[in-house]
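In: sequence unavailable; structure follows:
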């Protein structure tokens, strides 16, 4: 019986709640910290911004960029200090 090849990438959904009408992006090690690479959308206009990306397996650091302000993910419990003296959120894709 042949083993099924393990997928090297997985779909990951990022979400954050903020004021409706905001501009929200996610930036991280997976997109060279580009603050406008992945825009999140608020499809129900209720302040819940979501976006899905396909990420390689492994550990990634990220932040949300809300109206040009960099913010750690308030719902993420795994954080690490960064060179700017603040924290980055950490996600492990397995």
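Out: That came through, no problem. Just so it is clear, the structure is predicted and the values come from calculations on it, not from any experiment.

In: for residue 45, see how far away residue 29 is.
Out: 31 Å (C-beta to C-beta, to the nearest Å). No exception for glycine: its C-beta is placed from N, CA and C like everyone else's.

In: residue 70 now?
Out: Counting by C-beta to C-beta, the gap from residue 70 to residue 45 is 24 Å.

In: what about these two, which has more around it?
Out: Between residue 70 and residue 45, counted using other C-beta atoms under 10 Å, the more crowded position is residue 70 (16 against 9).

In: thinking that one is in contact with residue 61, fair?
Out: No - the criterion here is C-beta atoms under 8 Å, and residue 70 misses it with residue 61 at 11.9 Å.

In: now the common contact residues for these two.
Out: Common neighbours of residue 70 and residue 61 (criterion: C-beta atoms under 8 Å, 6 or more residues apart in numbering): none identified.

In: now the element after the helix or strand residue 49 falls within, going C-ward?
Out: Residue 49 is part of strand 48-56 when elements are defined by DSSP states H and E. Next helix or strand after strand 48-56 toward the C-terminus (DSSP H and E): strand 58-66.

In: could you list the paired strands of that following strand along with their orientation?
Out: Note on strand 58-66: by DSSP bridges, its sheet partners are strand 24-28 (antiparallel), strand 69-71 (antiparallel), strand 87-93 (antiparallel).

In: buried residues, the first one. List them.
Out: Applying a neighbour-count criterion of 16 or more other C-beta atoms under 10 Å, one finds 24-28 buried in strand 24-28.

In: return the list of helices and strands in contact with the helix or strand that comes right after that strand.
Out: Once the chain leaves strand 24-28, the next helix or strand it forms, by DSSP H and E, is strand 38-40. Under the contact criterion of 3 or more C-beta pairs under 8 Å, 6 or more residues apart in numbering; DSSP states H and E, strand 38-40 touches strand 9-17, strand 24-28, strand 48-56.

In: show me what counts as buried in strand 38-40.
Out: Buried positions in strand 38-40, judged by neighbour count with 16+ other C-beta under 10 Å: 38, 40.

In: and it, how far from the chain's centre?
Out: Distance of strand 38-40 from its chain centroid, counting by C-alpha atoms, centre = their mean, to the nearest Å, is 9 Å.
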